[in-house]
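>>> Here's my sequence, what's the structure:
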Amino acid sequence: MRAPREDSDPPLEVKIIPMIDVLFSILTFFIMSTLFLTRSESLPVNLPKAETAKTQPQTKIAITITPDLALALNKQPIQLEQVDVGVRSLISKSQSAVVVIYADETVPYGQVIAVMDRIKRVRGAKIAVATRQP
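The predicted structure is shown next:
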């Protein structure tokens, strides 16, 4: 029988607990960072519900009508008379774009139509109305 030598190296061990801690830390970082990847293109309003609601791909222009009838073009305040000029200046960079109207459900129908009428004056502008699914 062989006697163990005192100067021999201890057996190699892989300590897996610190590795698991690091992996969970990285996983937590990615989960938390994906929570902040949502795009907000308009001011917060209560959208009406629609059964046929679809998400529009890569909308560049958003017009928001708040409950107090204030207008915003890409989150910047704007007057009704300036909507077509503002949209036209944004579309000149790309020849056509979808203009999404985010109107609170309490906004009068006539105000939404007035905004849509202004947008229709702009060549290359397609209109979409934002809703939320029930």
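>>> low pLDDT regions in this structure?
Flagging of the chain using pLDDT under 70 yields the residue ranges 1-7, 38-42, 55-59, 92-95.
>>> for it, what's the longest strand?
strand 97-103 (DSSP state E).
>>> That one: how far from the chain's middle?
14 Å (Cα atoms, centre = their mean, to the nearest Å).
>>> And the next helix or strand past that strand?
helix 109-120 (DSSP states H and E).
>>> Now do the helix or strand just after that following helix against strand 97-103, angle only.
Going down the chain from helix 109-120, the next helix or strand is strand 125-129, by DSSP H and E. Counting by axes from the mean of the first three to the mean of the last three Cα atoms, to 10 degrees, strand 125-129 lies at 30 degrees to strand 97-103.
>>> Show me which parts of strand 125-129 are buried, residue by residue.
Ala125 (16 or more other Cβ atoms under 10 Å). Every residue, glycine included, has its C-beta placed from N, CA and C.
>>> Quickly run through the sheet partners of it, with directions.
strand 97-103 (parallel) (DSSP bridges).
>>> Just after the longest helix seen in the chain, pick out the following helix or strand.
Counting by DSSP state H, the longest helix found in the chain is helix 17-35. Downstream of helix 17-35, the next assigned helix or strand under DSSP H and E is strand 61-65.
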